[in-house]
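Participant: can't give you the sequence, but here's the structure:
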Ligand SMILES: O=P(O)(O)OC[C@H]1O[C@](O)(COP(=O)(O)O)[C@@H](O)[C@@H]1O
Ligand SMILES: [Mg+2]
Ligand SMILES: [Mg+2]
């Protein structure tokens with residue numbers, strides 16, 4: 001039985017109690033992940049005062065210029081999680097290859113994949129950003145995990161979550177048993193359960209897409225958006241609202257709170273790369289969360305959670321959110 005003012009640690013311990021044979025490893029790992037997110041939250045809240053804004057001269061493996069906070073958040077995540085003995089290895093948007101646990105620390109049974117700072121273009125303009133993570137089990141026999149050990153479909157995730165650094169800092173988690181949201185109490189320094197059992201409304205009148213890409217979209221997406229724009233005067237018979245924050249974490253958080261559909265679809269500009277967003281540390285964890293909250297996720301042609309990854313930094317098309325709208329988009333893709 002959970003207390004009234006449930007902290008994230010109490011919540012995780014309670015979840016672990018319900019798993020037979022649980023050793024406490026998962027609780028330990030999540031506690032370290034939470035600490036890393038609290039530290040990143042502290043830095044984002046202080047911004048220029050603690051000299052974390054601006055860019056570096058470096059590029060990541062995807063050819064994107066890294067912001068200072070991309071690198072700082074990545075290092076914080078590595079340092080907070082490498083020592084505890086829960087992990088076999090880590091992988092991140094900001095590192096080309098698998099990160100091995102340094103030899104002085106014990107090795108554990110989980111793999112951690114993360115996007116340390118999502119929505120990087122918003123760091124310097126003080127708009128909501130976030131961190132996304134996914135926990136996988138490491139195949140038993142592995143001594144030094146390699147890329148292929150990370151190439152597991154989203155259905156095999158043990159846990160997925162994100163922290164959103166907005167007006168309040170929140171953490172949203174799933175372990176395959178529904179979705180729960182926690183708000184960081186800045187005075188106490190603890191995440192408190194404030195949004196139990198989050199459910200995404202099945203219907204919505206709000207969509208999110210970067211419409212500057214309109215001329216590159218495929219027919220099904222063009223059709224869907226033009227019908228939304230036609231609103232009451234078209235076949236949908238209702239008016240729609242549109243949002244684009246350019247932070248996936250913030251968009252998905254809005255959708256979890258009040259419904260909506262988010263699209264970063266395949267288009268002629270990103271086709272060669274397979275899409276815009278990354279499968280293992282963006283699309284897959286967010287799809288797990290959205291589906292656990294009653295929503296749907298797809299590339300348009302395939303459920304995102306069923307994709308068997310072929311690369312650590314693989315990109316995929318992403319459509320997710322309120323069930324009925326996503327189903328409509330799947331139908332439009334099937335019709336072409
Ligand atoms: O620049 P665009 O086309 O608006 O793309 C925005 C998308 O890029 C991202 O910022 C990519 O994530 P990173 O900031 O982690 O690279 C998403 O969060 C967001 O949905
Ligand atoms: Mg990202
Ligand atoms: Mg990022």
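Facilitator: Structure received. Quantities reported herein were computed from a predicted structural model and do not represent experimental measurements. Residues are numbered from 1 along each chain as shown. Ligands and ions are numbered 1, 2, ... in the order given.

Participant: residue 319 belongs to a strand?
Facilitator: Yes: membership of residue 319 in a strand is supported by DSSP: H, G, I helix; E, B strand; the rest coil.

Participant: distance-wise, check it relative to residue 46.
Facilitator: 36 Å (CB to CB, to the nearest Å). For glycine as for every other residue, the C-beta is placed from the backbone atoms N, C-alpha and C.

Participant: same check on residue 157?
Facilitator: To residue 46, residue 157 is 32 Å away according to CB to CB.

Participant: ok, stretch 265-285 near ligand 3 or not?
Facilitator: No: for a cut-off given as CB under 5 Å from the ion, stretch 265-285 has no contacts with ligand 3; the smallest distance is 8.0 Å.

Participant: okay, now whichever residue of the stretch 51-200 of the chain sits closest to ligand 1: neighbour count?
Facilitator: Residue nearest to ligand 1 within the stretch 51-200 of the chain (CB to the nearest ligand atom): residue 120, separated by 3.7 Å. Counted with other CB atoms under 10 Å, the neighbours of residue 120 add up to 23.

Participant: again, but for residue 47
Facilitator: When neighbours are defined as other CB under 10 Å, residue 47 has 14 of them.

Participant: so how far is ligand 2 from it?
Facilitator: In this view, residue 47 and ligand 2 are 19 Å apart by CB to the ion, to the nearest Å.

Participant: ok, now residue 202?
Facilitator: Distance, residue 202 to ligand 2, by CB to the ion: 27 Å.

Participant: please apply the same query to residue 255.
Facilitator: For residue 255, the distance to ligand 2 (CB to the ion) stands at 16 Å.

Participant: so the closest residue to that residue other than its chain neighbours versus residue 99, what's the distance?
Facilitator: Using CB to CB, 6 or more residues apart in numbering and skipping the chain neighbours, the partner closest in space to residue 255 is residue 321 (4.6 Å). Residue 321 is 32 Å from residue 99, where distance means CB to CB.

Participant: residue 82 contacts residue 102, correct?
Facilitator: Yes: between residue 82 and residue 102 there is a contact under CB atoms under 8 Å: 6.2 Å.

Participant: of the two, which one has the most company?
Facilitator: When residue 82 and residue 102 are compared for neighbours, residue 82 comes out ahead with 20 against 10, by other CB under 10 Å.

Participant: which pLDDT value goes with that one?
Facilitator: We have a pLDDT of 98 for residue 82.

Participant: for it, which residues are in contact?
Facilitator: By CB atoms under 8 Å, 6 or more residues apart in numbering, residue 82 lies in contact with 90, 99, 101-102, 105.

Participant: show me the contact partners of stretch 35-43.
Facilitator: With CB under 8 Å, 6+ apart as the contact definition, stretch 35-43 has outside contacts at 50, 52, 69, 72-73, 76-77, 79-81, 116-117, 131, 163, 165, 169, 171, 184, 189, 191.
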